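Trainee: can you look at this prediction? I've put the sequence above it.
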Amino acid sequence: MSEIGDKLKDQFLRKLIPTIIIRQGGIYRVVDDPQNPVVKFPEDNLPLKHPRGKRTFHKQRYVLVFQSNELNNKNEFPHVQVIPLSSKGRDTELTVEIPDEFLSDGIPGPSIALIHLCQPMLKIFLEKEVGFVPPSHDISTTIRSIYLRIIGLM
């Protein structure tokens, strides 16, 4: 790459460096902007007139960092794998309830981890850690097992 190209790449990557520590099992607040949603749902692609084509946007939404800590704080990897949480989600074979004990005050709980909607997100969109599920906890083990089933490795 040229010297100018390297400088542009460095400037771009610096803008993508998060200002917080990111850890596996952390529950983070993100903005839920209807014009440019950070957390994506399949229904977002449906026309608004479709019965399932409209979702409720909130001022903020919560996600669980699913990615291992190996890449979470490396600046050359600007994205992280997250699992959206929902206070209105249904408990199914592809979801796990996150009890109140893992959530900070002010977060509507319990929350449902929508494992089937695991997705990449730019780290800079994670605003603040508001809860934590230890990777060694049974809930984390269940989440990993369900994810492995979803992608066909179990």
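Mentor: Right, received. Where do you want to start?

Trainee: gap between the nearest residue to P134 once chain neighbours are set aside and F41?
Mentor: For P134, ignoring the flanking residues on the chain, the nearest one in space by Cβ to Cβ, 6 or more residues apart in numbering is G25 at 5.7 Å. For glycine as for every other residue, the C-beta is placed from the backbone atoms N, C-alpha and C. G25 is 23 Å from F41, where distance means Cβ to Cβ, to the nearest Å.

Trainee: before we move on, what about H79?
Mentor: Taking Cβ to Cβ, one finds H79 at 18 Å from F41.

Trainee: just the helices from the protein, written as ranges.
Mentor: Secondary structure of the chain (DSSP state H): helices located at 3-15, 69-72, 138-150.

Trainee: show me which of G25 and F41 is the more surrounded one.
Mentor: Neighbour count, other Cβ atoms under 10 Å: between G25 and F41, G25 has more, with 21 against 15.

Trainee: pLDDT score for the more buried one?
Mentor: You'll see G25 listed with a pLDDT of 96.
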